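Any chance you could fold what I've pasted below:
(4 chains)
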There are 2 protein chains.
Amino acid sequence: MAHKTINDVAKAAGVAIKTVSRVLNDEPNVRDETRARVQAVVKALDYHPSISARSLAGRRSFLIGLVYGNPSANYIVDVQHGTMACCRQQRFQLLSRQSGSTQGEELSKEVLGLVAQTRIDGIVLTPPLSESGELIKALDRRGVPFVRISPNDVPHSSPCVDMDDEGAAHEMTEYLIGLGHRRIGFVTGHPQHYASKQRLKGYKSALRKHRLPFQPEYVKPGNFVFDSGMESGRQLLTLPQRPTAIFASNDDMAAGVTMAAHEMGIAVPAQLSISGFDDTYIARAIWPRLTTVHQPSYEMAYRATGLLLQMLRTRKAPAPIRLPYTLVCRESTGPVSPGEAR
Amino acid sequence: MAHKTINDVAKAAGVAIKTVSRVLNDEPNVRDETRARVQAVVKALDYHPSISARSLAGRRSFLIGLVYGNPSANYIVDVQHGTMACCRQQRFQLLSRQSGSTQGEELSKEVLGLVAQTRIDGIVLTPPLSESGELIKALDRRGVPFVRISPNDVPHSSPCVDMDDEGAAHEMTEYLIGLGHRRIGFVTGHPQHYASKQRLKGYKSALRKHRLPFQPEYVKPGNFVFDSGMESGRQLLTLPQRPTAIFASNDDMAAGVTMAAHEMGIAVPAQLSISGFDDTYIARAIWPRLTTVHQPSYEMAYRATGLLLQMLRTRKAPAPIRLPYTLVCRESTGPVSPGEAR
DNA sequence: ATGAAAGCGCTAACAT
DNA sequence: ATGTTAGCGCTTTCAT
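Below you'll find the predicted structure:
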């Protein structure tokens, strides 16, 4: 037997299809008794309204798009699951999309095409796409609601969920300083990524606060990918006065630094402390386990999706949410050893 | 301005909407000249047909569902990207869904509900969901086309993409034997997972072939998750006659074994060789990098999706595809040391 | 080779 | 509080 339709339900419940529609959409003006009867029939028939039909007839598709370009698989999975959990609760479906291009006109065109085809009700934007001014402008012009995850400096009225990246990096750096480290290397994130700048800022401000000199040769470039961490790690560790601690802007790169140290026969944490950022799965899977900043990616995505859906209902942008981070201290960091602290 | 419709295109091209429809769907009976004109207008107007309308009117939604319950994030991401790449090429959209329940009636209900709501054209099933007889039966009854990824013993005419798990495990075990190992531990995968059985089988057959005794105490249970590998690793390494090599049924568990070895102060690979299965990101991110079986997850998913879409077009099931694996030898394995091989 | 009309399963706007 | 009707943007079926 084919799919049930709203007509089947209406017939079985002895009401008009409009009444069924009201019940499905939680609209008022239905007697409790009628509502209960319809709901019973819906359950009995195992009826699921067609989102195509709803989307075509109404102004909602019950489809949410998650668009990402982020290279860190573990981060993405956390975000996707957070978004999915929220969608499921509110009976929305999730359409995932990895964007080929990361910025500019091409990106905007791709996302706009997605919207045109699918009529998705809203979009969850992850970094670094959440920072593309052009994309945001394009979405605005089309009137597509969206929510951004992660800090970013594109001023916009749309909702946003973030955390205090600068504060977290500051705190992590202070933690390393507290362990006695004076020469602390830093591996940056992708230069276009606003969070990268914030994390670097926090690193710098902690040095300043503790009157340690900021030495540019201790800051190496990265792009959030493992290999870039390994490469920058190698460079830092071959410096004449090598750092006794290295703080990488995400876990993947911290794992790369750890790999570099292993290859060079430098013991972690005895000779070198390493810390990361994000607290993804990899932080607990490598040896020594990474001291890192726990970024609540799953919850950020969950809350972000919640804001988006709320906005769809109320038609106005809810206030941004800032979620707390926590320092997670594991075995990759330790007190500086006397021998290393010349 | 709102979205363009097929009417806009028809008007601009000076044809009936049916002709536009023919062009969009690559149907015959359109003059080349007319076709070209319509295509030009489509491009000029940046027109994207609404999948809701297509889905409602026709028998296709251009939506593919990816349903997974697999706990390994890195594996899932590979699969999702493979599926996405194929969908993008053929102008399908991807709806991702992590199933809450892994089996039985609940799973079937969830997936059937998804189908009813979204009218997705077909489903890509990943292990272990691809092995649920009940789900497969339910999908059959509803006439929902699907394709399964990974080996499995539910006989069915639907297409399937897999690899030779048994052969791969056999080869990996032989490789360890070739390095001189005689006491080889094994960590199994999730018991419900057919690939687990195949991998164990390959391990056993290699031992047999080389006339090594199969010792049940060298086989410990796992469920494809890091922690289970660590736990089983600990148990194996506290055996009175501990193994000189451990073969875990996936990379996450092999990473867990590596962690256990580190914690117990056992050097890898000097005192213990470790190998995994899958060749996910984690295999290259931990130290020492894992010797493992490269499973072409991305390509398996890509090809599987291709089979599914082909089946939608031709209405008949294409032949299954078996993709080749390769052994990837890295630093986690080495010749057995004389001291260990008592 | 092209077009006209009906209708997919819903919701919107307007009855009652 | 409930029902009726007219579409949403396409594909289908049947003409021409």
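
quick one: secondary structure of the residue in the stretch 201-342 of chain A that DNA strand C sits nearest to?
The stretch 201-342 of chain A approaches DNA strand C most closely through residue A:312 (12.1 Å), counting by C-beta to the nearest atom of the strand. For the C-beta atoms, the positions are set from N, CA and C on the backbone; glycine is no exception. Three-state secondary structure (criterion: DSSP: H, G, I helix; E, B strand; the rest coil) places residue A:312 in helix.

what about it, neighbour count?
17 (other C-beta atoms under 10 Å in any protein chain shown).

thought it was touching residue A:145?
Yes: counting by C-beta atoms under 8 Å, a contact exists between residue A:312 and residue A:145, whose distance comes to 6.1 Å.

And the pLDDT at the nearest residue to residue A:242 once chain neighbours are set aside?
Setting aside the residues directly before and after it, residue A:242 is nearest to residue A:236 in space (C-beta to C-beta, 6 or more residues apart in numbering or on different chains), at 6.6 Å. Each residue has a pLDDT score; the one for residue A:236 is 98.

For the helix or strand hosting residue A:236, C-alpha coordinates in CSV please.
Taking DSSP states H and E as the definition, one finds residue A:236 inside helix A:226-237. Listed in CSV are the C-alpha atoms of helix A:226-237, where the atom choice follows Å, rounded to 0.1, in the frame of the first residue of the first chain:
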residue,chain,number,x,y,z
PHE,A,226,47.3,17.8,11.2
ASP,A,227,50.2,18.2,8.7
SER,A,228,50.4,21.9,9.2
GLY,A,229,50.8,21.3,13.0
MET,A,230,53.6,18.7,12.3
GLU,A,231,55.4,21.1,10.0
SER,A,232,55.2,24.1,12.4
GLY,A,233,56.2,21.8,15.3
ARG,A,234,59.3,20.7,13.5
GLN,A,235,60.2,24.3,12.8
LEU,A,236,59.7,25.4,16.4
LEU,A,237,61.6,22.4,17.7
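
Could you list every helix and strand in contact with the host helix or strand of residue A:34?
Residue A:34 is part of helix A:32-45, with elements assigned from DSSP H and E. The helices and strands touching helix A:32-45, judged by 3 or more C-beta pairs under 8 Å, 6 or more residues apart in numbering or on different chains; DSSP states H and E, are helix A:6-13, helix A:17-24.

Rebuild those helices as CSV, extending it with distance to residue A:108 and mean neighbour count.
Formatted as CSV, the entries for the helices and strands packed on helix A:32-45 read as follows, by distance: least, C-beta to C-beta, whole Å; neighbours: other C-beta atoms under 10 Å in any protein chain shown:
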stretch, distance to residue A:108, mean neighbour count
helix A:6-13, 37, 17
helix A:17-24, 35, 19
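
Which residues are in contact with the spatially closest residue to residue A:204 that is not a sequence neighbour?
Using C-beta to C-beta, 6+ apart and skipping the chain neighbours, the partner closest in space to residue A:204 is residue A:214 (5.7 Å). Remark: with contacts taken as C-beta atoms under 8 Å, 6 or more residues apart in numbering or on different chains, residue A:214 is in contact with A:204, A:207-208.

So residue A:75 sits against residue A:297, correct?
Yes: with contacts counted by C-beta under 8 Å, residue A:75 reaches residue A:297, the gap being 5.8 Å.

what is in contact with the two at once?
Shared contacts of residue A:75 and residue A:297 (C-beta under 8 Å, 6+ apart): A:278, A:280.

now the strands for chain A?
Using DSSP state E, the strands found in chain A span residues A:63-68, A:93-98, A:122-125, A:146-149, A:160-163, A:184-187, A:219-220, A:245-248, A:273-275, A:292-294, A:321-323, A:326-328.

so of the ones you listed, which one's packed in deepest?
Mean neighbour count (mean count of other C-beta atoms under 10 Å in any protein chain shown) peaks for strand A:245-248 among the strands of chain A, with a mean of 31.
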